[in-house]
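Visitor: no sequence for this one, just the structure:
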């Protein structure tokens, strides 16, 4: 699992930084988290293919998190998309999008399904590759965080060992499930002889636009990586609270309390050009921290 940062700024683009958007890759499939202005341009710039995108998640109805959505939806139609697209967002999002499409007399070339976000914790997607759940955070308007969890594909085959023990390829799926294989001559091939542990499932928490709170902590305990908004530095902690945002140090506290392995910071206010102080302040509480950089892909 990897996450590519498409936009890491807050409401106003500044210093070459764009409004919020991220693309999470799980076994090659893309999941888009928020879609600020310029998202489709950033996807082109950083080589992310919309053909691998089937799920878009919008956290809330502030424009810096969805103003890029109408353009992306329309462009995929103009380019002949036929695969279904699933959009998850606040209930008020779909009427707005529908009005934009209707005014332009646009008919999408692909099946499009909208799923409104619930007010409480819920599982949104659960398939053989990953699970996506959502939970409420605290902001000036209803806002949701997201938790993405990859699933194991089973044990990893050792092809040379499989050949050595004369195991037909038709039985490989059984081996991946951890079972032994009995040959026709009665010889029992132990699973651990021909397989090894597969990739460990990963968990990524996306917590954006939220007042400093532990109200959602229970949902992100033990994650590999947490992305937490850090709009302000600690000198502006009062301003952060009044605007339902967090500081870098507060984001670090959440990462520490969640026992996360890694913290990514973002949603920076346009008042800051230099982002190094964000890392310095957060590192006083949680050391494995990075202020996100647009175009950078981070391993979860």
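Guide: Okay, I see it. Here the structure is a predicted model, which means the values were calculated and not measured.

Visitor: tell me where the stretch 101-250 of the chain has strands.
Guide: 112-116, 122-126, 130-137, 143-150, 156-157, 181-182, 188-189, 195-196, 203-207, 225-229 (DSSP state E, counting those that start in this stretch).

Visitor: what does the fourth one rub up against?
Guide: Pointing back at strand 143-150 there. Contacts to strand 143-150, defined as CB atoms under 8 Å, 6 or more residues apart in numbering, come from residues 1, 24, 26-27, 31, 33, 57, 59-60, 117, 124, 129-137, 199, 201-210, 216, 219-220, 223. All C-beta spots, glycine's among them, are computed from the backbone N, C-alpha and C.

Visitor: any idea which of the strands of the stretch 101-250 of the chain gets closest to residue 92?
Guide: strand 112-116 (8.9 Å; CB to CB).

Visitor: what residues go with each domain of the protein?
Guide: What automatic domain parsing lists as the domains of the chain is 2-152+201-299, 156-196.

Visitor: tell me which of the strands of the stretch 101-250 of the chain lies nearest to residue 249.
Guide: Among the strands of the stretch 101-250 of the chain, the nearest to residue 249 by CB to CB is strand 225-229 (10.9 Å).

Visitor: what strands flank that closest one, and is each parallel or antiparallel?
Guide: Paired strands of strand 225-229, with direction, are strand 203-207 (parallel), strand 262-266 (parallel) (DSSP bridges).

Visitor: so which of the ones you listed is the most packed in?
Guide: Sort those by mean neighbour count, taking mean count of other CB atoms under 10 Å, and strand 203-207 sits at the top with a mean of 28.

Visitor: and the angle for that strand with strand 130-137?
Guide: Interaxial angle, strand 203-207 versus strand 130-137 (axes from the mean of the first three to the mean of the last three CA atoms, to 10 degrees): 30 degrees.

Visitor: distance from the chain centre to strand 203-207, please.
Guide: Chain-centre distance of strand 203-207: 6 Å, with CA atoms, centre = their mean, to the nearest Å.

Visitor: go on, stretch 176-187?
Guide: On CA atoms, centre = their mean, the centre of stretch 176-187 falls 39 Å from the chain's centre.

Visitor: export the strands of the stretch 101-250 of the chain to JSON lines and tack on distance to residue 240?
Guide: Below are the strands of the stretch 101-250 of the chain laid out as JSON lines (distance: least, CB to CB, whole Å):
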{"stretch": "strand 112-116", "distance to residue 240": "29"}
{"stretch": "strand 122-126", "distance to residue 240": "28"}
{"stretch": "strand 130-137", "distance to residue 240": "14"}
{"stretch": "strand 143-150", "distance to residue 240": "15"}
{"stretch": "strand 156-157", "distance to residue 240": "45"}
{"stretch": "strand 181-182", "distance to residue 240": "59"}
{"stretch": "strand 188-189", "distance to residue 240": "60"}
{"stretch": "strand 195-196", "distance to residue 240": "47"}
{"stretch": "strand 203-207", "distance to residue 240": "14"}
{"stretch": "strand 225-229", "distance to residue 240": "10"}
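
Visitor: do I have it right that residue 202 meets residue 224?
Guide: Yes. Counting by CB atoms under 8 Å, residue 224 is a contact partner of residue 202 at 5.0 Å.

Visitor: one step back: could you tell me the least trusted of the domains of the chain?
Guide: Ranked by mean pLDDT, the domains of the chain bottom out at domain 156-196, which scores a mean of 89.
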